[in-house]
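Enquirer: Pasted the sequence and its predicted model underneath.
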Amino acid sequence: MPDVKENKPSKDPGDGGCGSLKPQTPGQNEEDKSGRKDSPPHLMDTVNEVSKLSIAHEIVMNHDFHMEEKVLPPNSLEGKVKETMHNAFWDHLKEQLSATPPDFTCALELLKEIKEILVSLLLPRQNRLRSEIEEALDMDLRKQEAEHGALDVSHLSKYILNMMTLLCAPVRDEAVQKLENITEPVQLLRGIFQVLGLMKMDMVNYTIQSLRPHLQEHSIQYERAKFQELLDNQPSLLDRTTKWLTQAAADLTTPPPTSPDTSDSSSVACPSPNEAANNSVPLNPTMVLSQGFLNLLLWDPENEEFPETLLMDRSRLQELESQLHQLTILASVLLVASSFSGNVLFGSPQFVDKLKRITKALTEEFNSRPEEAMLTVSEQVSQEIHQSLKSMGLAALSSDNTTSLIGQLQNIAKKENCVRSVIDQRIRLFLKCCLVLGVQRSLLDLPGGLTLIEAELAELGQKFVNLTHHNQQVFGPYYTDILKTLIPPAQGLETKVESL
């Protein structure tokens with residue numbers, strides 16, 4: 001894969017020369033707090049291996065993964081410094097080219113880098129174009145021309161533009177065409193560099209797409225091998241994973257908590273304590289792993305003891321946790337609303353979809369302002385039910401029912417709300433079934449109150465299953481070794497372990 005570089009000239013203004021203007025890599029020649037100029041070689045090797053592993057894992061797990069240029073906020077200090085240094089460099093180049101006789105020092109450095117970029121954009125089979133670029137931008141020849149004051153920067157810029165037209169992706173055609181209208185040499189070179197930076201990013205993303213099938217085919221073996229290399233250097237690398245699975249096993253052998261508080265006026269009954277699990281079943285690896293993965297959807301963000309084997313998916317799991325929370329609120333609203341408006345309204349897919357859109361839009365800020373969000377939701381939902389009943393010629397809700405509806409919807413803001421607790425419990429039960437039975441089979445027997453969010457549950461369940469399945473394939477041997485110490489042989493570990 002080509003190296004990903006920041007899309008800017010690899011030179012910054014400074015003294016009169018250009019070779020000294022290349023920026024340093026972050027941290028280069030900087031001393032750490034202990035006074036050492038460089039990190040220990042084994043530490044740098046570990047960082048590099050983790051970086052490679054993370055990129056490969058991200059490409060496999062995220063089909064939308066692509067590289068983007070880092071865009072700094074224009075008013076940020078870093079953005080202002082970057083812009084100032086870039087402007088200084090291009091002003092310096094303009095001064096050199098305008099001098100009598102012209103100074104081509106920076107221009108030669110610039111042309112050399114442009115040549116390297118153009119060559120990097122070529123595919124292996126494009127040998128003719130490679131030879132053409134090598135000849136047109138022969139730096140030894142161009143240096144001789146510069147020494148005699150005969151370097152034609154404008155002519156070379158036009159050649160570079162023609163080559164960019166051949167090599168750019170269709171999405172960059174317009175940007176390249178705009179460059180053809182620029183006549184001022186330095187402004188043109190600056191524009192060329194900007195567009196070449198975008199073309200480099202296009203090539204990186206093309207390479208990623210090309211590599212994805214190969215990585216998917218070999219990712220399990222690759223990730224496991226890389227993790228083993230890290231484990232060989234750091235024997236304690238599975239300590240947090242062991243704690244995670246130990247806790248999961250303990251959760252399955254601990255009596256479940258009491259039912260959610262039923263003190264509010266919800267008309268929905270709470271499940272019995274044993275509805276979501278049957279503690280009489282002996283422990284097995286599948287149960288422990290399923291419980292462990294479900295526990296990750298309740299992980300305290302302040303808890304740094306996250307299992308090592310899942311660190312690369314921590315952000316993905318946090319996103320799934322957020323989606324689960326959003327679905328809990330959505331399903332709770334729909335369940336309460338349906339208990340007041342009956343089957344007539346909720347038999348209409350259009351009405352249900354409208355309530356979903358309203359609720360999703362109004363609960364975007366739920367985490368930071370739950371009471372305010374649910375107050376608005378209660379008002380909008382009750383109004384929508386009233387208008388829909390009226391338009392269908394049905395009797396409107398009584399004043400008492402409207403007040404009760406609004407009150408129950410507002411109570412969803414409370415964590416201990418019975419409806420919310422029931423829905424959360426049932427969604428987690430659904431996800432647990434997905435891990436054991438698969439998504440499609442789990443959708444055939446949805447717990448009560450979840451049928452209205454079936455499509456959303458299917459999407460959430462599939463993401464969760466894909467993530468857990470990949471990690472079980474990669475780290476299965478490590479999980480097996482840990483589980484052997486947690487589950488007594490008499491409980492059937494030997495016959496179940498292969499399911500990992």
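Expert: Yep, that arrived.
Enquirer: Can you tell me how far Ser399 is from Thr286?
Expert: 53 Å (C-beta to C-beta, to the nearest Å). Every C-beta, even on glycine, is put in place using the N, C-alpha and C of the backbone.
Enquirer: So which of the two has more stuff around it?
Expert: Per other C-beta atoms under 10 Å, whichever of Ser399 and Thr286 has more neighbours is Thr286, with 16 against 8.
Enquirer: My guess is that one contacts Thr468. True?
Expert: No. Thr286 is beyond contact range of Thr468, at 11.0 Å (criterion: C-beta atoms under 8 Å).
Enquirer: burial count for Glu174?
Expert: Glu174: 9 neighbours (other C-beta under 10 Å).
Enquirer: What average pLDDT does stretch 156-174 get?
Expert: Mean pLDDT, computed over stretch 156-174, is 91.
Enquirer: Quick check: neighbours shared by Thr286 and Thr468?
Expert: Leu435 (C-beta atoms under 8 Å, 6 or more residues apart in numbering).
Enquirer: State the distance from Lys158 to Asp152.
Expert: 9 Å.
Enquirer: Output the below-cut-off pLDDT ranges for the stretch 1-150 of the chain.
Expert: Within the stretch 1-150 of the chain, the stretches with pLDDT under 70 are 1-74, 78-79, 81.
Enquirer: what sits against Leu310?
Expert: Counting by C-beta under 8 Å, 6+ apart, Leu310 has contacts 241, 296, 317, 471.
Enquirer: among the residues you listed, which are in helices?
Expert: Among the contacts of Leu310, the members found in helices (DSSP state H) are 241, 296, 317, 471.
Enquirer: Name only those of these that count as buried.
Expert: 241, 296, 317, 471 (16 or more other C-beta atoms under 10 Å).
Enquirer: Make a markdown table out of the residues you listed and add distance to Ile192.
Expert: Output for those, formatted as a markdown table (distance: C-beta to C-beta, whole Å):
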| residue | distance to Ile192 |
| --- | --- |
| Thr241 | 50 |
| Leu296 | 48 |
| Leu317 | 43 |
| Asn471 | 45 |
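Enquirer: With pLDDT and distance to Leu310 as extra columns, can I get those residues in JSON lines?
Expert: Shown next, in JSON lines, are these (pLDDT from 0 to 100; distance: C-beta to C-beta, whole Å):
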{"residue": "Thr241", "pLDDT": "95", "distance to Leu310": "8"}
{"residue": "Leu296", "pLDDT": "94", "distance to Leu310": "7"}
{"residue": "Leu317", "pLDDT": "93", "distance to Leu310": "7"}
{"residue": "Asn471", "pLDDT": "89", "distance to Leu310": "6"}
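Enquirer: Val119: which of those is nearest?
Expert: For these, the residue nearest Val119 by C-beta to C-beta is Asn471; the value is 39.6 Å.
Enquirer: wait, what's in contact with the closest one?
Expert: 309-310, 313.
Enquirer: got it, and Leu151?
Expert: 102, 104, 107-108, 142, 145.
Enquirer: Go again with 7 Å.
Expert: Applying C-beta atoms under 7 Å, 6 or more residues apart in numbering, one finds that Leu151 lies in contact with 104, 107, 142, 145.
Enquirer: what does Asp140 give?
Expert: Contacts of Asp140 by C-beta under 7 Å, 6+ apart: none found.
Enquirer: gap between it and Lys112?
Expert: 11 Å.
Enquirer: Same question for Leu362.
Expert: 57 Å.
Enquirer: Which one's more surrounded, these two?
Expert: Taking other C-beta under 10 Å, Leu362 and Lys112 do not tie; Leu362 has more neighbours (21 against 14).
Enquirer: That one touches Thr376, doesn't it?
Expert: Yes. With contact defined as C-beta atoms under 7 Å, Leu362 counts as touching Thr376 (5.1 Å).
Enquirer: pull the longest helix from this structure.
Expert: From DSSP H, the single longest helix across the chain is helix 185-233.
Enquirer: Flag the least confident of the contacts of Asn471.
Expert: Comparing the contacts of Asn471 by pLDDT, Asp313 comes last, at 89.
Enquirer: tally of neighbours for the residue nearest to it when sequence neighbours are not counted?
Expert: Excluding the flanking residues, the one nearest Asp313 by C-beta to C-beta, 6 or more residues apart in numbering is Leu467, at 5.8 Å. Counted with other C-beta under 10 Å, the neighbours of Leu467 add up to 18.
Enquirer: Leu435 versus Leu467, what's the distance?
Expert: 11 Å.
Enquirer: Kindly report the same for Arg316.
Expert: If you go by C-beta to C-beta, the gap between Arg316 and Leu435 works out to 16 Å.
Enquirer: What of Gly449?
Expert: 21 Å.
Enquirer: what does Leu296 give?
Expert: 12 Å.
Enquirer: just Leu245 next, same as before
Expert: 15 Å.
Enquirer: out of these two, which sits in the busier spot?
Expert: The residue with more neighbours, out of Leu245 and Leu435, is Leu245; 26 against 22, by other C-beta under 10 Å.
Enquirer: which residues touch that one?
Expert: Leu245 neighbours (C-beta under 7 Å, 6+ apart): 288, 292, 479, 482-483, 486.
Enquirer: How about Leu394?
Expert: Per C-beta under 7 Å, 6+ apart, neighbours of Leu394: Val344.
Enquirer: so where is the stretch 401-500 of the chain shaky, pLDDT-wise?
Expert: Using pLDDT under 70, the stretch 401-500 of the chain drops low at 489-500.
Enquirer: Glu302: what secondary structure?
Expert: coil (DSSP: H, G, I helix; E, B strand; the rest coil).
Enquirer: per-residue confidence at it?
Expert: pLDDT, read off for Glu302, is 85.
Enquirer: For it, grab the count of nearby residues.
Expert: Neighbour tally, Glu302, other C-beta under 10 Å: 5.
Enquirer: same check, this time on Val344
Expert: 12.
Enquirer: Show me which parts of stretch 459-478 are buried, residue by residue.
Expert: Buried, per 16+ other C-beta under 10 Å, within stretch 459-478: 460-461, 463-465, 467-468, 470-472, 474-476, 478.
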